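Novice: no sequence on this one, just coordinates:
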């Protein structure tokens, strides 16, 4: 894991950058009510520009990191290998979509600064960012099944949905809620704000659950693999983080949002609830959303770890040719056990397979052949 830590960090940085761009765009498109756009759209547009800058940096860092990973050379030789990565590997071919989309996104962002109505520009920026998100799916585990396959589209929908959910929650926490109490908005507009947030988060969550189940079944296959594999353990941690975020979102939707709506409905009339109920509910919602943001960021970090792990089904496929079935030992009636033995000539062979199956293989030997390590045998026991 330590050898993969820099690449995991780069993947997490890139996923967070995508989330930071999609968050304010989704907020501007689907959450900010029409009566509040004048107060918030300029702020959201500036936040989008800052997030685009972060995404540009993460795209460059991702290219450099993958070049180092594939060439197995230091940073000092990146300039030599980078053209080969772009020209000769599937990862390089897919990555070339990023600068095209980023140039278009920056052009639209600069034009959108002078527009009073930025919804059309925001929709175009959202589309370009979604294409950039697809470059992640097209160079990850789903690409092992081929280009333009169903696993790629499922993974892309999952990534965009997670980015919308985490992005709007993060954007509301840092850009909307701190100013919501200071802006001169009617109680009904504030209630509409909160209701829209709840609806968008719920729709994104439904898509996350559907695509997540499909992906888990595709990569894990069985509950036994979920319990016994490292990939399954990390996935369980991710699911636990998502469960906490879902619980916080449920509390927002079913506890705090109804109280805010009730406060807006009784504004101007004799209140049916104690004075200040709306403000207290809004304060609780803001704190709950802030905590939810932290758990969602941790979820994105767990997703980055999964990207650099080997799913059980891929591991079985990769090791299938290196295994041989040993004679079945005597066992009591009713018990079924199969013992598989494999011999490793040296461990880096499997590591190269894992790291290059999705990104491609450079056409030229990148280093002198390694001295083979002593032969070691390992025993794998599979209980049926």
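Specialist: Happy to help now that I have it. Note that this is a predicted model, so its numbers are computed, not measured.
Novice: Now stretch 80-89: buried residues?
Specialist: Within stretch 80-89, the residues that count as buried by 16 or more other CB atoms under 10 Å are 81-82, 84-85, 88-89. Quick note: C-beta positions are derived from backbone N, CA and C, even for glycine.
Novice: Save those as CSV, and put in pLDDT and distance to residue 109 too.
Specialist: Below are the buried residues of stretch 80-89 laid out as CSV (pLDDT from 0 to 100; distance: CB to CB, whole Å):
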residue, pLDDT, distance to residue 109
81, 92, 32
82, 92, 27
84, 91, 32
85, 91, 28
88, 89, 33
89, 90, 30
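Novice: can I get the residues you listed in CSV with distance to residue 193 and secondary structure?
Specialist: Converted to CSV, these look like this (distance: CB to CB, whole Å; DSSP: H, G, I helix; E, B strand; the rest coil):
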residue, distance to residue 193, secondary structure
81, 50, helix
82, 46, helix
84, 51, helix
85, 45, helix
88, 50, helix
89, 46, coil
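Novice: show me where the stretch 101-250 of the chain has helices.
Specialist: 119-137, 150-171, 177-180, 187-219, 223-228, 230-251 (DSSP state H, counting those that start in this stretch).
Novice: Show me what the longest helix anywhere in the chain is packed up against.
Specialist: In the chain, with assignment by DSSP state H, the single longest helix is helix 37-71. Judged by 3 or more CB pairs under 8 Å, 6 or more residues apart in numbering; DSSP states H and E, the packing partners of helix 37-71 are helix 5-26, helix 78-88, helix 90-95, helix 97-112, helix 119-137, helix 177-180, helix 348-356.
Novice: thought residue 11 was touching residue 307?
Specialist: Yes: if you go by CB atoms under 8 Å, residue 11 and residue 307 touch, sitting 5.1 Å apart.
Novice: Can you give me the domain boundaries for the protein?
Specialist: Domain segmentation of the chain under automatic domain parsing yields 2-315, 316-383.
Novice: Which of the ones you listed has the lowest mean pLDDT?
Specialist: Mean pLDDT is lowest for domain 316-383 among the domains of the chain, at a mean of 43.
Novice: right, so of the helices and strands packed on helix 37-71, which gets closest to residue 37?
Specialist: Proximity to residue 37, assessed across these by CB to CB, is greatest for helix 119-137 (8.4 Å).
Novice: between the closest one and helix 5-26, how big is the angle?
Specialist: Inter-element angle recorded for helix 119-137 and helix 5-26: 160 degrees (by axes from the mean of the first three to the mean of the last three CA atoms, to 10 degrees).
Novice: What lies in contact with helix 119-137?
Specialist: 14-15, 18, 21-22, 25-26, 28-29, 48, 55, 59, 94-95, 97-98, 101-102, 104-105, 108-109, 111-112, 115, 143, 152-153, 155-156, 159-160, 163 (CB atoms under 8 Å, 6 or more residues apart in numbering).
Novice: ok, now stretch 144-158?
Specialist: With CB under 8 Å, 6+ apart, stretch 144-158 has contacts from 130, 133-134, 136-138, 140-143, 207-208, 211-212, 214-215, 218, 314, 357-358.
Novice: Over to stretch 164-181?
Specialist: 19-27, 31-32, 39-40, 43-44, 47, 190, 193, 197, 200-201, 204-205, 208, 279, 282, 286, 289-290, 292-293, 296-297, 299-300.
Novice: And those, which of them are buried?
Specialist: Buried among these (16+ other CB under 10 Å): 19-27, 31-32, 39-40, 44, 47, 190, 193, 197, 200-201, 204-205, 208, 282, 286, 289-290, 292-293, 296-297, 299-300.
Novice: on that earlier part again, what's the most buried one of the domains of the chain?
Specialist: A comparison of the domains of the chain by mean neighbour count, using mean count of other CB atoms under 10 Å, puts domain 2-315 on top with a mean of 18.
Novice: quick check, distance from it to the centre of its chain.
Specialist: On the basis of CA atoms, centre = their mean, to the nearest Å, domain 2-315 sits 7 Å off its chain's mean C-alpha point.
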